[in-house]
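1. My questions concern the predicted model and sequence given below.
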Amino acid sequence: MKAISKRIRAWSLVSLGAVVTMLVMSLAVPFFTAPVMADEATKAATEAAPKVEMAKDIYFKTEGPVSGNPAPELKATDYPSYNLPYPLSENRILIWSIAQQHLYFGSFVLAVPIFCMIIELVGLLTKDPVMSKKYDDLAHLLVKISLTAYSVTAILGGLLLFSFITLYPDFFKYISSLFRPVMHIYALLFLAESGTLYLYYYGWDRMTHGFAKWVHACMGVLLNVFGSVLMMLANSWASFMMSPAGVDEKGRYLGNIWAILHNALWNPLNVHRIIGNMVFGGGIVAAYAAYKFLAAKTLEEKAYYDWMGYIAMFMAVGSLIPLPFAGYWLMREVYGFRQQMGITLMGGLLAWLFIIQAVLIGALFFSTNYYLFNGMERMRGAEKYQKYIKYILFLTTAAFLVWLTPHTLVMRPAELKAIGGQQHPVIGNFGVMSAKNGAVNTMIMTTIISFLLYQRSNKIVVVKWEAWGNAALMAMFTVALVNNWWLAIYGYFIPANVRVGLSVPQVIGTLTTLFIGSAINIAMMRGSKLTGPIEWGKISVRSQYALFSLAVSFTWLMALMGYIRSSVRLFWHVMEVFRDNSPWAFTHTIGFAANMMSVNVMAFWLFVLFVFWLGELTSKHAVAEARKEAARPAMAGGSE
Amino acid sequence: MDKIRRNAGPILYIVVCIVSIWFFYWFGAVYHN
């Protein structure tokens, strides 16, 4: 036995070493190429010393040696297209669909390892061996679901690459000349990620105890490092097209790859996308669990998938709460980079799409609250909190209505007349950003209140300071909400550049209720009496449809915001550097764009159902085992 | 020493996490000239 554990220990260390080596090798590429390039540069410099032309970086305003060709000036005939019926005759429609599907799957396979890393660690830190195994099995099941999606992502990535090369040859030649080392590192990291993923998945049953298990968890962390770096590199291409840096005004490369990488919108996009991936991945896993719950034949199955859906929903909503703040930062940086770009997005051509976004975000918060209210049915003793639901719902609805009120719309004369001017005389006042910030913070806080009540549903608080704890919670939420509303009103009376800063104290108030509120709530539940165990599986069917609603709304939201981010460049391939002279360099109508998004969303969900079904074929045995385990803690009381 | 050996797993995990966080700081937040 000891010999086996030693062998496993050695084997797991070798695996970890291999993973680290892959990481180092991938990232070492630029250090090998740099001296060669430097030699070439020195040689060129000595041969033709006076010829080195210096130019100014378009964004960083630093001087650099011109090291590349200017962005090409294309003609309509430079875009080879297929002779297909409209709209497929437009190359961008093909790229749009393929890129959207690639991004959906890429997002999913980046989010799943994040969940696995967290859930595996929770399993490691859980002292109850039954619950620990339950968490570990859930993490294992998630990787299994994502394996097929991983291959699909790679295939779609290949399809996207070929589409770029064949449909936009000049554009791709220019972009790849700038990002040459980045693209190579990307490909090598992809190899490293695949290797790590296979070691992580196939090593799961070998590395189950002690040190080997921790090594396995470390591989989970490194898998996420690879995944996140991959995403950041790919983000740099998209953000460069929106906010170019590292090139001069003609689009000539100035020799510093870091300047291109660190363009103005790169980091805001990185943060926003990582958080968005987690909401999206959580939504898909929750939808998978809901699908399995609805198809379940026995109470044990229902219990297992109800629990899985709850965990996935918890992850998704935990990420959804900070997501608007990251989005706000991204928009703020867009305005900072080019004010006109921000106005096109939120006050011009694309403003209607932002109203649709507001409605969808409202749908996410309503779905979440509805699921939590329904989730109280799992617990005896939750009745005492159900009377508060109507107040929470009222507050959320009021905030939602303010949140979706439009401000500046493109309207026909008849519509203008009906409304009474460009803005409605009364509710037009809710259309400005000051009101929106107040509204979204209110929606987030009501969701936090729902969650705190849900956590308490089956517990009787026994700590001596119960009255003080409740008073502190009440006071904190009251102060945060009043502070939030007061700042929203105050914002009407001060100039815009000052008002932007008000979002900070509003966010601080919301985050205080989230972190301090949760901490007080958890402290109050120390040693509390249970009114009964959580009866997993005893939840309405409607709640599972709320999970579907959450997942599909978010999928549509991603399609919408991806379109907005991309189409804000208008007739530029690379903003103000590389002009789009294709015959279709106009902006689509909102109706056409929305139909395209719907087609993409439906195609993706059909694809996902296929992936789930494939996962079913291979994992029936494993799930049966997991179900047996799942039945036990529900009987024992559970530590949830 | 024995304590370190007993907790080698968690220590390795924490080290990997710290190195990963440092890497993202170096890669994402530091401007390289």
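-> Noted; the coordinates are in hand.

2. The residue of chain B found nearest chain A: neighbouring residues, count only.
-> Nearest residue of chain B to chain A, counting by CB to the nearest CB: B:Gly9, 2.8 Å away. From N, CA and C alone the C-beta is placed, and that goes for glycine too. Neighbour count of B:Gly9, defined by other CB atoms under 10 Å in any protein chain shown: 19.

3. Can you tell me how far it is from A:Gly421?
-> Distance, B:Gly9 to A:Gly421, by CB to CB, to the nearest Å: 67 Å.

4. Report the contact partners of A:Ile448.
-> Counting by CB atoms under 8 Å, 6 or more residues apart in numbering or on different chains, A:Ile448 touches A:321, A:510, A:513-514, A:517-518.

5. any idea how far A:Phe607 is from A:Ser566?
-> For A:Ser566, the distance to A:Phe607 - CB to CB - is 21 Å.

6. same question but for A:Val229, I mixed them up
-> Between A:Val229 and A:Phe607 the computed distance is 26 Å (CB to CB).

7. So if I had to pick from these two, which one is more boxed in?
-> For A:Val229 versus A:Phe607, neighbours defined as other CB under 10 Å are more numerous around A:Val229 (22 against 16).

8. what sits against the more buried one?
-> A:189, B:27 are the contacts of A:Val229 under CB under 8 Å, 6+ apart.

9. could you pull out the strands for the stretch 501-640 of chain A?
-> A:529-530, A:572-574, A:578-579 (DSSP state E, counting those that start in this stretch).

10. Run through the chain and note the low-pLDDT ranges.
-> Let's take chain A. For chain A, the stretches with pLDDT under 70 are A:1-16, A:18-51, A:380, A:408-409, A:615-616, A:618-640.

11. nope, chain B please
-> Those would be B:31, B:33, if you go by pLDDT under 70 across chain B.

12. 80 instead?
-> Applying pLDDT under 80 to chain B picks out residues B:1-3, B:5-6, B:31-33.

13. In it, where's the longest helix?
-> For chain B, the longest helix by residue count, based on DSSP state H, is helix B:8-24.

14. Give me the buried positions along it.
-> Buried positions in helix B:8-24, judged by neighbour count with 16 or more other CB atoms under 10 Å in any protein chain shown: B:9, B:12-13, B:16-17, B:20.

15. What helix or strand is the residue nearest to A:Thr166 when sequence neighbours are not counted located in?
-> Closest residue to A:Thr166 apart from its sequence neighbours, by CB to CB, 6 or more residues apart in numbering or on different chains: A:Pro80 at 7.1 Å. According to DSSP states H and E, A:Pro80 maps onto no helix or strand at all.

16. Kindly report the same for A:Asn484.
-> Using DSSP H and E, A:Asn484 maps to helix A:466-490.

17. Tell me the helix or strand right after that helix.
-> With DSSP H and E, the next secondary element past helix A:466-490 is helix A:496-499.

18. what's that following helix in contact with?
-> A:433-434, A:491.

19. Quickly name whichever of those is closest to chain B.
-> A:Met433 (27.6 Å).

20. quick one: that closest one from A:Gly342, how far?
-> 11 Å.

21. and if you look at A:Met379?
-> 46 Å.

22. More neighbours: those two, which one.
-> Using other CB under 10 Å, the more surrounded residue of A:Met379 and A:Gly342 is A:Met379, with 21 against 18.

23. Nearest residue to A:Tyr393 in space, please, no chain neighbours.
-> No, residue A:393 isn't Tyr; it's Leu. The nearest residue in space to A:Leu393 (CB to CB, 6+ apart) is A:Asn369, at 7.2 Å.

24. And for A:Ile427?
-> Excluding the flanking residues, the one nearest A:Ile427 by CB to CB, 6+ apart is A:Thr405, at 5.6 Å.
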